[in-house]
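# Pasting the sequence and the predicted coordinates here, then a few questions.
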Amino acid sequence: MDNFKAFRIHNENDTVAGRIVDMTIDELSPGEVVFKTAYSSVNYKDALAATGTGGKIIRNYPLTGGIDAAGTVVTSSDPRFKPGDEVICTSYDMGVAHDGGYGEYCRVRADWVVPLPAGLTLYEAMALGTAGYTAGLAVELLELNGLAPANGKVLVNGATGGVATLAIDMLAARGFEITAITGKDAEHAFLEEIGASVVLSRLSIAMGTRPLEKPLWAAAFDSVGGEQLGWLTRTMNTHGLIASFGNAGGIELVTTVLPFILRGVRLIGVDSATTPMPLRSRVWQRLATDLKPKHLDRIAYTIPLEDLTAQFDKTVKGQVRGRAVVALQ
Ligand SMILES: NC(=O)c1ccc[n+]([C@@H]2O[C@H](COP(=O)([O-])OP(=O)(O)OC[C@H]3O[C@@H](n4cnc5c(N)ncnc54)[C@H](OP(=O)(O)O)[C@@H]3O)[C@@H](O)[C@H]2O)c1
């Protein structure tokens with residue numbers, strides 16, 4: 001097979017940076033399934049990995065970045081897949097310890113591959129990507145714990161981010177009343193358009209300091225962590241549910257046990273990378289059906305491989321909105 005283009009991330013003299021190179025299938029990390037990549041996407045983790053921001057994410061260099069990929073199978077030594085199958089491969093070691101989605105071909109472990117569910121195109125699968133999968137997984141886990149519109153208001157923070165915009169869209173379609181918190185004053189109308197009832201500016205939030213503040217939220221989807229997650233624990237209703245999946249604002253969590261023992265608040269961890277395949281398949285099925293966002297065309301946009309470096313820079317600075325889909329063909 002001919003050479004193909006890939007965005008490879010190098011660590012040279014402790015400086016992490018990526019560039020587009022020519023490479024061959026034989027140079028890719030090993031795996032049973034080779035597919036021609038149609039699309040990848042840009043997640044917060046991709047930006048941290050490619051810029052070396054916030055600690056060591058990539059475990060071996062050089063590596064093709066991209067924790068997400070979707071494409072069409074070219075060869076498979078595993079009988080579960082055959083040439084022509086449309087597939088999704090997200091997380092596991094992709095773009096971290098195994099060559100990821102920012103190449104025109106991917107070679108991956110068959111155990112990581114999800115057949116594209118009916119109801120999604122390859123483009124839509126990557127408009128969702130790990131962000132949409134994480135939003136869907138959070139909805140699924142909170143529903144298992146009793147999440148329902150009648151419980152009360154739902155808070156979504158880091159609201160213009162990938163996971164958050166998709167969560168707002170999914171939750172609004174299910175009838176939830178959503179309050180969104182954003183640092184971007186110019187995006188309030190956009191957040192209302194995709195389903196938020198109320199939009200608050202990040203800097204306007206008075207967080208208080210008491211271990212228990214006035215209860216406000218039946219559920220929360222937390223992209224931010226840090227001070228905002230601490231405040232959320234203190235402002236949940238009785239039996240409130242918090243999905244903790246993000247750290248865009250910090251990794252620390254300062255709170256007390258009082259929300260948990262006096263209000264029965266449940267803090268539910270959401271990790272997209274370690275989900276077992278049966279749950280992963282179920283969430284992708286839901287993303288193609290009852291959880292399929294209605295505003296993907298407003299939330300997602302396409303960029304070429306050549307624009308990745310600029311996109312990472314904006315992502316690390318918290319300046320992007322929604323989801324960047326990377327077109328490989
Ligand atoms: N657990 C998992 O499996 C998993 C999976 C996917 C993502 N994540 C994590 O979830 C978070 C969101 O991911 P994403 O891909 O949606 O990222 P993203 O698209 O880059 O969005 C992050 C958003 O967070 C807000 N933000 C940025 N810096 C902030 C700060 N200092 N303080 C408060 N808010 C800030 C911004 O929204 P506003 O300007 O609107 O406030 C930004 O758009 C990240 O921490 C990511 O690592 C975890």
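That came through fine. The structure displayed is predicted, hence computed values, not measured ones. Residues are numbered from 1 along each chain as shown.
# In this structure Ala327 contacts Tyr39, no?
Yes - using C-beta atoms under 8 Å, Ala327 makes contact with Tyr39 at a distance of 6.0 Å. The C-beta positions use only the backbone N, C-alpha and C, and glycine is treated the same way.
# Give the residues shared as contacts by those two.
Common contacts of Ala327 and Tyr39 (C-beta atoms under 8 Å, 6 or more residues apart in numbering): Thr302.
# Could you check which of the two is surrounded by more residues?
The neighbour comparison of Ala327 against Tyr39 (other C-beta atoms under 10 Å) goes to Tyr39, with 25 against 14.
# which one is that one nearest to, not counting chain neighbours?
Distances taken as C-beta to C-beta, 6 or more residues apart in numbering put Met126 closest to Tyr39, at 3.8 Å, once the chain neighbours are dropped.
# now do Leu258
Per C-beta to C-beta, 6+ apart, closest to Leu258 is Pro211, 4.5 Å.
# Pick out the residue in the stretch 1-150 of the chain sitting closest to the ligand.
Distances between the stretch 1-150 of the chain and the ligand by C-beta to the nearest ligand atom are smallest at Tyr44, namely 3.3 Å.
# just the residues of this structure that are near the ligand, which are they?
Within the chain, the residues that sit near the ligand (C-beta under 6 Å from any ligand atom) are 43-45, 130-131, 134, 158-164, 182-184, 202, 223-224, 245-249, 270-273, 315, 318, 320.
# Among those, which ones are in strands?
In strands, defined here by DSSP state E, the members of those are Thr182.
# Now a ChimeraX select for only the buried ones of the residues of the chain next to the ligand.
The following ChimeraX line selects those of these that are buried, judged by 16 or more other C-beta atoms under 10 Å:
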select :43,44,45,130,131,134,158,159,160,161,162,163,164,182,183,184,202,223,224,245,246,247,248,249,270,272,315,320
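# so of the residues of the chain next to the ligand, which ones are in helices?
Tyr44, Lys45, Thr130, Ala131, Thr134, Gly162, Val163, Ala164, Thr315 (DSSP state H).
# Quick check: the first one touching Gly225?
No - contact criterion C-beta under 8 Å: Tyr44 and Gly225 do not qualify, at 11.7 Å.
# Can you spell out the domain ranges of the protein, please?
The chain breaks down into these domains under automatic domain parsing: 4-116+295-327, 131-269.
# how far out from the middle of the chain is the shortest one?
Domain 131-269 has its C-alpha centroid displaced from the chain centroid by 15 Å (C-alpha atoms, centre = their mean, to the nearest Å).
# Test of understanding: give the bridge partners of Val21.
Applying DSSP bridges to Val21 yields these beta-bridge partners: Ala6.
# should've said Trp217
Met236.
# Check the gap between it and Val21 for me.
47 Å (C-beta to C-beta, to the nearest Å).
# hang on, the earlier thing: quick check, pLDDT for the residue of the stretch 1-150 of the chain closest to the ligand.
Listed pLDDT for Tyr44 reads 96.
# got it, and Gly129?
For Gly129, the predicted pLDDT is 98.
# Can you list the buried residues in the host helix or strand of the residue nearest to Tyr39?
Assessed by DSSP states H and E, Met126 sits inside helix 122-144. Of all the residues in helix 122-144, those buried under the rule 16+ other C-beta under 10 Å are 122-142.
# pLDDT averaged over stretch 184-195, what's the number?
If you average the pLDDT over stretch 184-195, you get 98.
# tell me which residues in that stretch are buried?
Applying 16+ other C-beta under 10 Å to stretch 184-195 flags Lys184, Glu187, His188, Phe190, Leu191, Glu192, Ile194, Gly195 as buried.
# residues contacting the residue of the stretch 101-250 of the chain found nearest the ligand?
Closest to the ligand within the stretch 101-250 of the chain is Gly161: 2.2 Å, counting by C-beta to the nearest ligand atom. The neighbours of Gly161, taking C-beta under 8 Å, 6+ apart as the test, are Tyr44, Ala131, Ser223, Gly246, Ala248, Val320.
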